[in-house]
Every structure is written in C-alpha cells, then in structure tokens.
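Undergrad: here is the input, now give the coordinates:
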Amino acid sequence: MAVFYNQATISYNGNITGSNIITGEIVEVLSLSKSAVTDTYTDGSSIVYTISIVNTGSEDISELTVTDDLGSYSFTPGGETPGTPVTLTPLTYDAGSAVLYVNGVQKPVQAGAAGGTLTISGITVPAEGSAVIIYTAKANSFAPLGENAVITNTASLTGARIPETVSDSAQVTHDSTPDLAISKSLTPSTVSGNGEVTYTFLIQNYGSSPVTASDPTEFRDVFDPVLSISEVTFNDTPLAQGTGYTYSIADGVFTSTPGTITVPAAEYSQDPDSGAWSVRPGTSTLIITGTLVSG
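TA: Here you go, the predicted model:
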C-alpha cells in the first residue's frame with residue numbers, strides 16, 4: 001500500500017503560508033500469489049506453478065501483464081579470473097503449457113518466453129473476482145544441484161491502473177533423496193552349455209544423499225538359465241550366501257540381504273565458465289560369477 005502526502009501554500013505580498021499536511025493512502029485492490037505444486041525438483045524434472053490474482057475492487061481491471069523470471073540468477077564466469085556477470089535461467093518454460101482461468105472459467109491466454117522471462121499478457125480480472133494461471137517449466141542445465149540447492153522464481157503483475165508492481169516468489173528445493181539406476185552386463189556374451197559366466201551390475205546414485213545400510217534397499221534378479229554361483233562380490237568385497245545374499249538354485253532367484261547394498265551420494269559441480277551444472281553419480285558394483293545349469 002502506498003502512502004502519499006500533500007501540502008498547499010498561499011502567498012500574499014511576499015508572505016507565504018503553508019496549509020496543514022494531509023496524508024492519504026492508496027489501497028491495493030489487486031493481490032498476487034505464486035506457488036509450486038511440488039516443493040522439490042530433480043535434474044530435468046518438470047515443475048507446475050500457479051499464479052493467483054485477486055481483485056477486491058468494484059471494477060474490472062484489464063490489460064494486465066504477468067512476467068515471471070523463471071528463477072534467473074546472476075553468475076560470474078571465469079573461476080579464479082572473474083569475468084562480467086551474466087544471468088542464468090534455470091527453468092525452461094514448456095511452450096503451450098500456460099492456461100488461464102477467470103472466475104473458474106478457462107480463457108484464451110497470451111503467453112511466451114524470451115530472454116529468460118515468461119510473459120503472460122492481456123489479462124482481465126473482474127470486480128471481486130480472480131484469475132489463475134497454471135504453467136509448467138523444466139529444470140535445465142543451469143538449475144542448481146546438490147544439498148541445499150534451490151530455485152527461487154518471482155512473478156510480477158503490472159498494468160496501467162496499478163500504481164506499484166505486485167510480486168510474489170515461489171521456492172523449490174533440489175530433491176536430496178537417493179535416485180538409483182542400474183545396468184547389467186554379461187561376460188562372455190556367447191557361452192557353451194554349462195559354461196562359466198559373469199554378471200556385472202552397476203548401481204548408480206544420482207541423488208545427493210547416500211544409500212546406507214539402514215535404508216530399505218534390495219537387489220533382486222532371477223537367473224534364467226539357472227546359475228550355479230561360485231563367487232559374489234560387492235565393491236570388491238566377497239559376499240557369503242545367507243549373510244550377504246540368498247539364492248535358490250531351484251528357481252534362480254537371487255536377493256540381497258538387508259543392509260548389503262550401499263551406494264555413495266552423487267557429486268555435483270558447476271562449470272566455472274558456462275555455469276552449467278553436471279552430476280557424477282555415486283557408484284557401486286555387484287559381480288556374480290557362476291556356471292550355467294542347462295537342461
């Protein structure tokens with residue numbers, strides 16, 4: 001709310017007299033609030049945002065424009081030899097995703113992103129009514145990664161009948177939970193009946209938190225053809241049947257025991273020149289060697 005002051009003067013024959021000072025207040029009839037549907041993000045994930053505009057006045061207000069900075073932040077490239085600061089935008093607007101509802105009824109929307117700013121124009125909010133904008137943006141390579149990383153983006157409302165810009169921000173935090181992926185390889189890929197093979201499982205963690213022995217993590221595979229296991233190692237440490245894993249040669253079901261599978265946290269870094277973020281996943285390796293049981 002803006003406060004203004006005013007004083008009048010009158011002069012006669014060189015004598016100036018001032019009036020009393022009056023105080024006025026401009027009451028804002030438009031308010032804006034911004035929120036994210038989810039409060040966390042991961043590398044490349046989509047985030048749904050809502051922007052709500054409320055008009056408490058007795059007249060319709062038209063030709064309003066909302067601008068959203070898509071989380072833009074300042075970055076100084078150059079590492080030990082800093083360069084000129086640049087603006088990086090960690091969110092990419094999903095073109096065509098914006099929808100506009102006025103008093104609950106969907107209306108045409110004029111939305112587009114350029115230069116790191118999402119602009120939504122031509123909005124009319126009826127008297128004692130509301131408008132809601134919903135859009136989706138994706139975390140790109142400039143989205144900060146790692147523990148305590150956040151994206152804060154701000155939406156601002158402007159218009160000819162708005163004395164001051166109305167703004168609000170929403171913050172999302174990088175998801176710190178483990179994010180696992182697994183790949184499997186076979187050596188050799190061609191083997192005779194009852195030959196020896198080695199299965200190698202690469203388990204990767206893209207999350208900023210490690211997988212620890214207390215986490216409810218289980219590895220499971222069903223070998224077909226059935227394998228007569230001769231050796232199992234996890235990160236080069238031998239595992240014993242019964243303590244490190246269970247295995248049924250009758251049906252080929254292999255399962256790790258609780259606390260066996262652990263995976264380090266990922267490591268994140270920001271390129272000192274481009275500002276792009278990259279991830280090096282934490283890695284663990286499970287190797288199972290045995291002889292194929294055919295027939």
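
Undergrad: use CA for all of it now, contacts and neighbours both
TA: Fine.

Undergrad: show me where pLDDT drops low in the stretch 151-295 of the chain?
TA: 295 (pLDDT under 70).

Undergrad: in the sheet, who's paired with Y101?
TA: On DSSP bridges, the residues paired with Y101 through beta bridges are Q106, V132.

Undergrad: can you tell me which residues contact it?
TA: 107, 131-133 (C-alpha atoms under 8 Å, 6 or more residues apart in numbering).

Undergrad: likewise for N140?
TA: Here N140 is in contact with 43-44, 90-92 (C-alpha under 8 Å, 6+ apart).

Undergrad: just the buried ones from the contacts of Y101?
TA: 131-133 (16 or more other C-alpha atoms under 10 Å).

Undergrad: strands - which of the contacts of N140 land there?
TA: Under the assignment DSSP state E, the contacts of N140 contribute 91-92 to strands.

Undergrad: quick one: which of the contacts of N140 is most hemmed in?
TA: Note: the member of these with the most neighbours is L91, at 26 neighbours, neighbours being other C-alpha atoms under 10 Å.

Undergrad: ok, that one to V48 distance?
TA: Separation of L91 from V48 (C-alpha to C-alpha, to the nearest Å): 11 Å.

Undergrad: repeat that for I229.
TA: Look at I229 and V48: by C-alpha to C-alpha, they are 49 Å apart.

Undergrad: ok, the most centrally placed residue in the chain - contacts?
TA: By C-alpha atoms, centre = their mean, the chain has its centre lying nearest to Y41, at 2.5 Å. By C-alpha under 8 Å, 6+ apart, the contact set of Y41 is 47, 139, 172-175.

Undergrad: could you dump these into a markdown table and include neighbour count?
TA: Below are these laid out as a markdown table (neighbours: other C-alpha atoms under 10 Å):
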| residue | neighbour count |
| --- | --- |
| I47 | 22 |
| A139 | 22 |
| V172 | 19 |
| T173 | 19 |
| H174 | 21 |
| D175 | 21 |
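
Undergrad: turn those into CSV, columns for distance to G146.
TA: Shown next, in CSV, are these (distance: C-alpha to C-alpha, whole Å):
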residue, distance to G146
I47, 17
A139, 13
V172, 13
T173, 9
H174, 7
D175, 8
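
Undergrad: F234: which of those residues is nearest?
TA: For the contacts of Y41, the residue nearest F234 by C-alpha to C-alpha is D175; the value is 27.2 Å.

Undergrad: so what are the domain limits for the chain?
TA: 28-174, 180-292 (automatic domain parsing).

Undergrad: out of the ones you listed, nearest to S11?
TA: Between these, domain 28-174 lies closest to S11; by C-alpha to C-alpha that is 32.6 Å.

Undergrad: about what we covered before: look up the residues forming beta bridges with the residue nearest to the centre of the chain.
TA: Going by DSSP bridges, Y41 forms beta bridges with H174.

Undergrad: ok, it to A265 distance?
TA: 17 Å.

Undergrad: if we can go back for a sec, list the residues that contact both of L91 and V48?
TA: Counting by C-alpha under 8 Å, 6+ apart, the residues touching both L91 and V48 are A137.

Undergrad: need the contact list for the residue lying closest to D39 once chain neighbours are set aside.
TA: Distances taken as C-alpha to C-alpha, 6 or more residues apart in numbering place V172 nearest to D39, at 4.7 Å, with adjacent residues excluded. By C-alpha under 8 Å, 6+ apart, V172 lies in contact with 36, 38-41, 150-152.

Undergrad: out of those residues, which end up buried?
TA: Of the contacts of V172, these count as buried by 16+ other C-alpha under 10 Å: 36, 40-41, 150-151.

Undergrad: ends of stretch 119-132, how far apart?
TA: End-to-end for stretch 119-132, by C-alpha to C-alpha: 14 Å.

Undergrad: quick check: mean pLDDT across it?
TA: Taken as a whole, stretch 119-132 has a mean pLDDT of 97.

Undergrad: can you give me the buried ones in it?
TA: 119-121, 123-126, 129-132.

Undergrad: stretch 98-117 now?
TA: Buried residues in stretch 98-117 (16+ other C-alpha under 10 Å): 98-102, 109, 111-113, 116-117.

Undergrad: okay if I get the residues you listed as TSV plus secondary structure and distance to T200?
TA: Formatted as TSV, the buried residues of stretch 98-117 follow (DSSP: H, G, I helix; E, B strand; the rest coil; distance: C-alpha to C-alpha, whole Å):
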residue	secondary structure	distance to T200
A98	coil	46
V99	strand	48
L100	strand	51
Y101	strand	53
V102	strand	57
V109	coil	53
A111	strand	49
G112	strand	48
A113	strand	46
G116	coil	44
T117	strand	47
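
Undergrad: farthest pair within the residues you listed?
TA: Counting by C-alpha to C-alpha, the most remote pair of those is V102 and G116, 26.2 Å apart.
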